[in-house]
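>>> what's the 3D shape of this:
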Amino acid sequence: MKILLFGKSGQVGWELQRSLAPLGELIALETNSKDYCGDFNNLDGIAATIRAIAPDVIVNAAAHTAVDKAETEPERARTINALAPRVLATEAKQCNAWLIHYSTDYVFDGSGDTPWLETDATAPLSVYGTTKQEGEQAIIDSGCQYLIFRTSWVYAARGANFAKTMLRLAAERDRLTVINDQIGAPTGADLLADVTAHAIRTVQQRPELAGLYHLVASGATTWYEYARFVIDFARHAGVDIKVADIAIEPVPTSAFPTPAMRPLNSRLNTSKLCANFELNLPHWQTGVARMLTEILGK
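Numbering: from 1, shown residues only. A predicted model of the protein is given here:
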């Protein structure tokens with residue numbers, strides 16, 4: 001099996017290089033790759049790359065994920081998040097390849113308090129969410145064989161993340177305020193990568209499982225409770241934490257105005273994924289604790 005991976009340098013792409021390597025020949029590209037085009041701003045180059053490699057599986061871990069920046073550069077966000085996936089899907093259809101693509105909870109408006117199903121109506125609040133939804137629809141409409149995984153609150157030990165930011169601030173400040181009215185599931189890039197590899201193996205034998213799935217760690221939390229978990233873990237691990245427990249304060253989203261609106265309810269129902277692929281997804285705290293153990297040990 002020949003696998004073509006786009007976005008190898010991102011958090012998910014980095015983990016995918018590990019999880020996909022045992023499945024076959026892996027060709028992993030980034031924006032600045034030399035032998036082939038991995039730049040999603042170059043749509044013709046991306047199409048030419050796929051035609052030259054003729055992969056069995058295309059995995060797209062590339063995206064414009066700067067949510068606020070997308071508000072001021074909507075055309076660039078649309079090119080990367082919608083037009084490029086359309087090219088991937090068209091070329092996948094032509095060469096009879098599977099397309100694996102990642103999307104987001106931002107395709108929903110965040111209303112209510114029930115975990116979103118794959119069949120629920122989308123209503124994105126931001127340019128980022130709108131372009132990701134357009135990318136999803138382009139893949140679905142293409143007629144190619146695909147797996148789309150919607151996820152949320154992605155983190156990894158490599159690169160910047162919310163937990164690292166909280167640890168830095170907790171060591172510097174006497175007081176912290178953290179948003180407490182957005183709810184979701186912190187999901188590790190390693191979990192996404194491992195489930196992706198499992199799903200690719202499975203659909204080779206069961207192509208009828210193609211489709212759209214929600215993929216997040218189990219459980220749910222707020223950014224405030226997430227921060228408390230991270231800081232408590234670090235404190236118990238002997239890290240020098242300046243901020244006192246009572247000085248970590250919950251605040252509403254309105255306390256931190258941003259150019260892009262965030263969904264308040266980012267819960268995603270993973271029942272379809274777990275049933276079809278026979279999975280038991282770990283609790284979000286398990287993955288975060290593992291990540292913290294890794295970064296605090298460095």
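>>> What is the neighbour count of the closest residue to A77 other than its chain neighbours?
Distance criterion CB to CB, 6 or more residues apart in numbering; nearest residue to A77, sequence neighbours excluded, is A70 at 3.9 Å. Every C-beta, even on glycine, is put in place using the N, C-alpha and C of the backbone. Neighbourhood size, A70 [other CB atoms under 10 Å]: 25.
>>> T49 against D35, yeah?
No: with contacts defined as CB atoms under 8 Å, T49 does not count as touching D35, sitting 9.2 Å away.
>>> The residue nearest to A77 in helix, strand or coil?
helix (DSSP: H, G, I helix; E, B strand; the rest coil).
>>> List the contacts of it.
Residues in contact with A70 (CB atoms under 8 Å, 6 or more residues apart in numbering) are H64, R76, A77, S126, V127, Y128, T131, A260.
>>> can you do 7 Å?
By CB atoms under 7 Å, 6 or more residues apart in numbering, A70 lies in contact with H64, A77, S126, V127, Y128, T131, A260.
>>> One more: N161?
Neighbours of N161 in contact, by CB under 7 Å, 6+ apart: Y155.
>>> again with F149
Shown in contact with F149 (CB under 7 Å, 6+ apart): Y102, S103, L192, Y213, L215.
>>> So which of the residues you listed sit within strands?
Residues of the contacts of F149 located in strands (DSSP state E): Y102, S103, Y213.
>>> What is the nearest of those residues to V251?
Nearest to V251 out of these is S103 (CB to CB; 28.7 Å).
>>> Would you check how far apart R78 and F40 are?
Distance of R78 to F40, computed by CB to CB, to the nearest Å: 11 Å.
>>> got it, and L16?
According to CB to CB, L16 and F40 sit 16 Å apart.
>>> Please apply the same query to S111.
S111 sits 31 Å away from F40, taking CB to CB as the criterion.
>>> In terms of neighbours, single out the busier of R78 and F40.
Neighbours per residue (other CB under 10 Å) separate R78 from F40, with F40 holding more: 24 against 18.
>>> hey, where'd the strands end up in the stretch 1-150 of the chain?
Taking DSSP state E, counting those that start in this stretch to define them, one finds strands in the stretch 1-150 of the chain at 2-6, 25-29, 57-60, 98-104, 145-151.
>>> residue ranges with poor pLDDT in this protein?
298 (pLDDT under 70).
>>> Quick check: L147 touching A97?
No: applying CB atoms under 7 Å as the test, L147 and A97 come out as separate, 12.0 Å apart.
>>> circling back: any idea which of the contacts of A70 is closest to V154?
Y128 (13.4 Å).
>>> what's the burial count for the closest one?
27.
>>> Can you measure across stretch 169-181, start residue to end residue?
Across stretch 169-181, the terminal residues are separated by 20 Å (CA to CA, to the nearest Å).
>>> Show residues contacting that stretch.
Residues outside stretch 169-181 that contact it (CB under 7 Å, 6+ apart) are 222-224, 227, 231, 240-243, 247-253, 255-256, 264.
>>> again, only using 8 Å
With CB under 8 Å, 6+ apart, stretch 169-181 has contacts from 166, 222-225, 227, 231, 234, 239-244, 247-253, 255-256, 264.
>>> Selection in PyMOL covering whichever of those are buried, please.
Those of those that count as buried under 16 or more other CB atoms under 10 Å are selected in PyMOL with:
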select buried, resi 166+222+223+224+227+231+234+241+243+248+250+253+264
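>>> Sort out which of the contacts of stretch 169-181 are in strands and list them.
Per DSSP E, those map to strands at T222, I248, E249, P250, V251.
>>> In TSV: the residues you listed, plus distance to P186.
Putting those into TSV (distance: CB to CB, whole Å) gives the following:
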residue	distance to P186
T222	11
I248	17
E249	20
P250	17
V251	19
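>>> Let me know the closest of these to E278.
Looking across the ones in strands among the contacts of stretch 169-181 and measuring by CB to CB, the closest to E278 is T222, at 30.5 Å.
>>> For the closest one, which non-adjacent residue is spatially closest?
Nearest residue to T222, sequence neighbours excluded (CB to CB, 6+ apart): N180, at 4.8 Å.
>>> Around that neighbour, count how many other residues there are.
N180: 18 surrounding residues under other CB under 10 Å.
>>> now P257
6.
>>> I'd like the distance between it and S266.
19 Å.
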